[in-house]
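J.: got a structure for you, letters missing:
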């Protein structure tokens, strides 16, 4: 409190509390209502508060960056794995579906439609699985 000007408390005619700041000579330099002065005090932050806020905001930024890179790596790996698995699954499922409907339609047509249908289903399932895996590994990396 060495550099700060001292405040004298007074009351106005209406009975409101006032703060009066004096200069070095002892004359009134500034008079404010207590309410306004208090609001201004609350708005200002001390050096310690500013330092704490800067420190706190630096931590999440670093955490976010590591999370992001971890997510990227996991996504890349997940994509590769999903592609390999999807190819095998599509082949098997296509053969199964084709065998069932082979009796009714020509072989080429059946295979084509079966492949499309199976691919669609597999794509959805693999996307879900990949998303779950990415979330899980991101959580682990964050810890």
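T.: Received, thanks. This is a predicted model, so every value here is computed, not measured.
J.: What segments of this structure are strands?
T.: 7-11, 17-22, 28-33 (DSSP state E).
J.: helices or strands up against the last one?
T.: Meaning strand 28-33. On a contact count with 3 or more CB pairs under 8 Å, 6 or more residues apart in numbering; DSSP states H and E, strand 28-33 meets strand 17-22. For every residue, glycine as well, the C-beta is placed using N, CA and C.
J.: confidence score at the residue of the chain most remote from its centre?
T.: Using CA atoms, centre = their mean, the residue of the chain lying farthest from its centre is residue 25. It sits 55.1 Å away. Reading off the confidence values, residue 25 has pLDDT 86.
J.: so how far is residue 57 from it?
T.: Look at residue 25 and residue 57: by CB to CB, to the nearest Å, they are 43 Å apart.
J.: For this protein, which residue occupies the most central location?
T.: Central residue of the chain (CA atoms, centre = their mean): residue 64, at 7.9 Å.
J.: where in this protein is pLDDT low?
T.: Scanning the chain for pLDDT under 70 picks out 1-5, 60-63, 96-112, 142-143.
J.: what's the closest of the strands of the chain to residue 71?
T.: Ranking those by proximity to residue 71 (CB to CB) places strand 28-33 first, at 52.2 Å.
J.: got a list of contacts for the closest one?
T.: The contact list for strand 28-33 (CB atoms under 8 Å, 6 or more residues apart in numbering) reads 5, 10, 12, 16, 17, 18, 19, 20, 21, 22, 23, 40.
J.: Going through the residues you listed, which ones are buried?
T.: Buried members of these, counted by 16 or more other CB atoms under 10 Å: 18, 19.
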